[in-house]
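Novice: The amino acid sequence is not available; the structure is as follows:
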């Protein structure tokens, strides 16, 4: 069953179109990761944070991606990366019109 | 522009269908909140956490909901509630097939 993962970390300076320009190839590569379904790219200039909300096909694939992605973010100079993987309560999510 | 919010908190004991049974009316009420678009109900028995990923129409409506919801969760006995509101990088999210 599909899972939801959210990741965030402190981030500064690059937002919006500039972020999109710098990260376009990375975004394309994420589509090829095992079990990847979709990702919202998230950013908050106000809180100086960035991250993502992902859907993966299984918890195992999400956790494998999180491990790889956290290491990659570390190489980019990021720290304090927080990632959590959750099962979806389908009945309640259906009531709340989630895009399952 | 729509925003994404994720919320999580320590949670024990009630999962899946039992959670759905207890929270059905609350889920229906969330559909009526100002600016609410959708919510994934998230739960992790493994990590003893629960929460949600939401889309709202504006940051202001998401933050108002978060304030109300955090207080309500406190009344239910929950603590250590973490909620973050993010703008969506639409260009990168489109590349990654997010349900915008």
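Specialist: Perfect, thanks for sending it. Source: prediction; values computed, not measured. Numbers count the residues shown, from 1 in each chain, chains lettered A, B, ... in the order given.
Novice: Which other helices and strands does the lengthiest helix in chain A contact?
Specialist: Across chain A, the longest stretch assigned as helix under DSSP state H is helix A:59-75. Packing contacts for helix A:59-75, counted by 3 or more CB pairs under 8 Å, 6 or more residues apart in numbering or on different chains; DSSP states H and E, involve strand A:3-10, strand A:49-56, strand A:82-88. Bear in mind the C-beta positions are built from the backbone N, C-alpha and C, glycine included.
Novice: Just give me how far that helix sits from the chain centre.
Specialist: For helix A:59-75, the distance from its own C-alpha centre to the chain's C-alpha centre is 10 Å (CA atoms, centre = their mean, to the nearest Å).
Novice: so can I have CSV of the helices and strands packed on helix A:59-75 showing mean neighbour count and mean pLDDT?
Specialist: Output for these, formatted as CSV (neighbours: other CB atoms under 10 Å in any protein chain shown; pLDDT from 0 to 100):
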stretch, mean neighbour count, mean pLDDT
strand A:3-10, 22, 98
strand A:49-56, 24, 98
strand A:82-88, 20, 98
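Novice: residues of the longest helix of chain A that come out buried?
Specialist: By neighbour count with 16 or more other CB atoms under 10 Å in any protein chain shown, helix A:59-75 contains the buried residues A:59, A:61-63, A:65-66, A:69, A:73.
Novice: of all those residues, which comes closest to chain B?
Specialist: Proximity of these to chain B (CB to the nearest CB) peaks at residue A:59, which lies at 7.9 Å.
Novice: Excluding covalently adjacent residues, which one is nearest to that closest one?
Specialist: Spatial nearest neighbour of residue A:59, chain neighbours left out: residue A:3 (5.0 Å); criterion: CB to CB, 6 or more residues apart in numbering or on different chains.
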